[in-house]
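>>> Mind looking at a prediction? Sequence and model below.
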Amino acid sequence: MKFTQPKLPYAPDALAPVISQTTVEYHYGKHEKTYVDTLNSLIEGTEYADMPLEKIITSSSGKLFNNASQAWNHIFYFFQFAPDGQKEPGGALLAKIEETFGSFDDFRKQFETAGATLFGSGWVWLSADDKGSLIISQGPNASNPMTQGLRPLLVFDVWEHAYYLDWQNRRADYLHRLWDIVDWSVVEMRYGL
Ligand code: MN
């Protein structure tokens with residue numbers, strides 16, 4: 001299967017000023033595209049050619065894992081945002097967040113801290129296990145919680161290419177402002193699946 005880069009469900013300037021049009025043009029238009037293109041060139045003519053992307057991620061290593069996981073992670077990242085999305089979780093997800101982290105505010109603080117304290121490039125995740133319990137985790141480089149049997153719900157990209165054009169070295173400010181553009185209806189849908 002040849003993977004394609006899904007079109008963004010919003011205009012390139014729609015997430016500004018948290019994520020500027022220039023960052024979207026480089027991050028989505030060049031970084032994400034390169035991961036997808038490289039993934040396609042690596043799987044061509046191999047046993048991975050007709051495999052779902054999730055299966056490639058959980059059964060590969062090295063360069064193939066890095067590009068498969070980075071392709072998946074970026075698609076997942078950009079699709080959780082919307083300029084006028086649902087600003088807070090509700091229903092079963094909110095109840096679970098409050099039960100696990102104390103409050104929605106406490107959850108956000110713990111999530112931001114996990115992102116701010118990750119050394120180097122990587123991702124901070126909210127995932128669910130098979131019982132629906134919630135877990136915050138941080139991982140370097142192309143890591144993805146699916147390799148630990150978890151189901152990703154939300155991710156913040158903490159590679160410098162995700163924020164440096166807009167926030168320079170202020171990673172904590174970037175993380176804090178990302179809440180303005182998270183569409184919690186997307187996260188609820190992921191949790192409910
Ligand atoms: Mn990135």
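Nice, thanks for sending it over. Numbers count the residues shown, from 1 in each chain.
>>> Do me a favour and average the pLDDT over the lengthiest helix in the chain.
The residue-count maximum for a helix in the chain (DSSP state H) belongs to helix 62-78. Helix 62-78 carries an average pLDDT of 98.
>>> How far away from the center of its chain is it?
Put simply, helix 62-78 sits 10 Å off its chain's centre (C-alpha atoms, centre = their mean, to the nearest Å).
>>> How about residue 2: what's its closest non-neighbour residue?
Excluding the flanking residues, the one nearest residue 2 by C-beta to C-beta, 6 or more residues apart in numbering is residue 40, at 5.4 Å. Every residue, glycine included, has its C-beta placed from N, CA and C.
>>> now swap in residue 33 and tell me
In space, residue 33 is closest to residue 5, 5.6 Å off (C-beta to C-beta, 6+ apart).
>>> tell me the SS of that neighbour?
coil (DSSP: H, G, I helix; E, B strand; the rest coil).
>>> ok, it - how many residues close by?
Neighbours of residue 5 under the rule other C-beta atoms under 10 Å: 16.
>>> pretty sure it contacts residue 30?
No. The pair residue 5 / residue 30 is not scored as a contact, 11.0 Å apart, by C-beta atoms under 8 Å.
>>> Residue 172: what's it in contact with?
112, 116 (C-beta atoms under 8 Å, 6 or more residues apart in numbering).
>>> Just the element for it, please.
Element membership for residue 172 (DSSP states H and E) is helix 171-178.
>>> Next secondary structure after that helix?
Next element after helix 171-178 (DSSP H and E): helix 184-192.
>>> Domain map for the protein?
Annotated domains of the chain cover 21-78, 91-191 [automatic domain parsing].
>>> which residues of the chain fall in strands?
122-128, 134-140, 151-157 (DSSP state E).
>>> hmm, who's touching the second one?
To tie it back to what came earlier, the one meant is strand 134-140. Outside strand 134-140, the residues that touch it by C-beta under 8 Å, 6+ apart are 96-97, 100-101, 107, 110-111, 114-115, 117-129, 145, 150, 153, 158.
>>> among these, which ones are buried?
Using 16 or more other C-beta atoms under 10 Å as the burial test, the contacts of strand 134-140 include 96-97, 101, 107, 110-111, 114-115, 118, 122-128, 145, 150, 153, 158 as buried.
>>> Can you give me the neighbour number for residue 75?
By other C-beta under 10 Å, 18 other residues sit near residue 75.
>>> repeat for the one 3 residues further on
Using other C-beta under 10 Å, the number of residues around residue 78 comes to 20.
>>> From residue 153, how far out is the residue nearest to residue 33?
Using C-beta to C-beta, to the nearest Å, residue 5 is found at 22 Å from residue 153.
>>> now residue 30
27 Å.
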